[in-house]
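Show me the folded form of this:
(one chain, ligands or ions: 1)
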Amino acid sequence: MRIEGSVVLVTGANRGIGRSLLSEFLGRGAARVYAAARRPETLEKPAAGAAGRVIPLALDLTDPDTITAAAEAAPDVTVVVNNAGAHGVGHLLDMDLGLVESVMETNVLGTLRVMRAFVPVVERNGGGAVVNVISIGAFGATPALGGYPASKAALHSMTQAVRQDLAPRGISVHAVFPGPVDTSMLDYVIGHEPTFGDFPRATPAEVARATLDGLEAGEPDIFPDPFALEVQAEWRADPQALQERLSGIT
Ligand SMILES: NC(=O)c1ccc[n+]([C@@H]2O[C@H](COP(=O)([O-])OP(=O)(O)OC[C@H]3O[C@@H](n4cnc5c(N)ncnc54)[C@H](OP(=O)(O)O)[C@@H]3O)[C@@H](O)[C@H]2O)c1
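Numbering: from 1, shown residues only. Below you'll find the predicted structure:
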């Protein structure tokens with residue numbers, strides 16, 4: 001997949017991994033990046049050289065009308081990056097069910113809505129790619145993390161299904177499985193479960209670089225940091241041992 005000259009949508013582009021993905025796409029010569037955020041006023045001002053190539057878009061994963069409007073406002077997209085996501089800690093059997101619902105609604109149904117709205121756009125433009133930012137949590141449950149690992153496992157499964165459907169239509173579908181990354185999402189988790197701070201963390205910039213390396217190399221499954229690569233190896237060797245290890249990680 002050639003990034004130079006592509007037209008990209010990045011959701012959750014205002015902070016964390018999404019902000020780093022935005023600048024990495026610009027650095028690698030994307031013609032234009034639609035920077036989607038539920039509150040576009042929170043997007044960083046683009047650097048002087050990139051100003052004309054960044055287009056802010058309002059997009060809330062839980063509000064289907066904003067997704068439809070975004071797809072209409074961005075008719076030239078060829079690469080869709082589903083990065084935005086939400087977390088909600090707690091134990092599934094006794095935490096606020098509304099928090100579980102909102103994580104599922106955001107990470108699973110919201111991402112599916114974006115794919116349904118933007119795949120026809122990419123197809124009209126001659127094909128391209130969909131990149132879904134998932135998590136190593138898709139490979140094993142962590143009891144203290146509420147519906148988050150379940151949402152990422154569901155997103156992994158959806159990604160596999162959509163990958164098969166889109167292969168003959170000229171659209172490659174990539175899954176990204178980061179380990180813990182130094183963003184406010186991880187701060188939120190550590191705030192509730194301090195032991196998560198003991199695990200190695202990648203930087204958002206490192207994850208963005210490895211994600212685009214994987215996309216350019218055409219890798220279907222991208223493990224963008226050293227810890228994620230360890231998880232991949234362990235999952236292949238001994239999924240049960242990995243499940244035990246993941247009981248302490250995002
Ligand atoms: N950090 C980690 O350890 C880690 C590890 C593995 C995977 N990931 C995944 O990486 C992705 C990015 O996370 P991050 O670490 O960069 O977290 P972050 O700093 O908390 O950023 C989350 C982003 O998602 C956006 N978002 C949340 N709910 C949304 C909604 N309903 N509609 C639109 N945007 C919404 C947020 O927008 P607002 O600013 O408006 O809230 C923000 O831009 C997520 O999918 C996350 O699950 C993170």
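
Any idea how far stretch 108-128 is from the middle of the chain?
14 Å (Cα atoms, centre = their mean, to the nearest Å).

Give me the buried positions along that stretch.
Within stretch 108-128, the residues that qualify as buried are 108-115, 117-119, 121-122, 125, 128, counting by 16 or more other Cβ atoms under 10 Å. All C-beta atoms are positioned from the backbone trio N, CA, C, and that covers glycine.

Likewise for stretch 5-19?
Neighbour counts over stretch 5-19 (16+ other Cβ under 10 Å) mark 6-19 as buried.

And for stretch 35-53?
35, 36, 37, 38, 43, 46, 50, 53.

hang on, the earlier thing: most widely separated two among the buried residues of stretch 108-128?
Pairwise distances across the buried residues of stretch 108-128 (Cβ to Cβ) peak at 26.2 Å, for the pair 108 and 125.

avg pLDDT for stretch 195-210?
Stretch 195-210 comes out with an average pLDDT of 91.

For the protein, which helix or strand comes out least confident on mean pLDDT?
Sorting the helices and strands of the chain by mean pLDDT, DSSP states H and E puts helix 239-246 at the bottom, at a mean of 90.

What lies in contact with that one?
136, 137, 139, 140, 141, 142, 149, 231, 234, 235 (Cβ atoms under 8 Å, 6 or more residues apart in numbering).

one step back: nearest to the ligand, of the buried residues of stretch 35-53?
residue 38 (4.2 Å; Cβ to the nearest ligand atom).

Report the distance from stretch 186-201 to the chain centre.
Averaging C-alpha positions (Cα atoms, centre = their mean) puts stretch 186-201 19 Å from its chain's average.

Start and end of it, how far apart?
Between the opening and closing residues of stretch 186-201 there is a gap of 9 Å (Cα to Cα, to the nearest Å).

could you point out the longest helix in this structure?
Across the chain, the helix with the greatest residue count (assigned by DSSP state H) is helix 148-166.

Tell me the helix or strand right after that helix.
The first helix or strand that comes after helix 148-166 along the chain, using DSSP states H and E, is strand 171-176.

Give the other helices and strands that that following strand contacts.
Counting contacts by 3 or more Cβ pairs under 8 Å, 6 or more residues apart in numbering; DSSP states H and E, strand 171-176 packs against helix 111-124, strand 128-133, helix 148-166, helix 204-217, strand 221-222.

quick one: low-confidence ranges for the protein?
249-250 (pLDDT under 70).

Tell me the residues on it that lie near the ligand, please.
11-12, 14-18, 37-39, 42, 59-62, 83-86, 106, 110, 133, 135, 178, 180-181, 183-186, 250 (Cβ under 6 Å from any ligand atom).

Return the residue of this protein that is most distant from the centre.
Distance to the chain centre peaks in the chain at residue 94, reaching 27.7 Å (criterion: Cα atoms, centre = their mean).

and that residue, backbone torsions?
The phi/psi pair for residue 94 (degrees, to the nearest 10) reads phi -130, psi 0.

Distance of it relative to the ligand?
23 Å (Cβ to the nearest ligand atom, to the nearest Å).

circling back: just to be sure, which of the buried residues of stretch 5-19 are found in strands?
Within these, residues falling in strands by DSSP state E are 7, 8, 9, 10, 11.

give me the number of residues near the closest residue to the last one other than its chain neighbours?
It refers to residue 11. Nearest non-adjacent residue to residue 11, counting by Cβ to Cβ, 6 or more residues apart in numbering: residue 84, 3.9 Å away. Neighbour count for residue 84, taken as other Cβ atoms under 10 Å: 25.

contacting residues around residue 84?
Taking Cβ under 8 Å, 6+ apart, we find residue 84 in contact with 11, 12, 18, 36, 38, 59, 61, 106, 110.

Please apply the same query to residue 171.
Neighbouring residues of residue 171 by Cβ under 8 Å, 6+ apart: 119, 122, 123, 127, 128, 129, 130.
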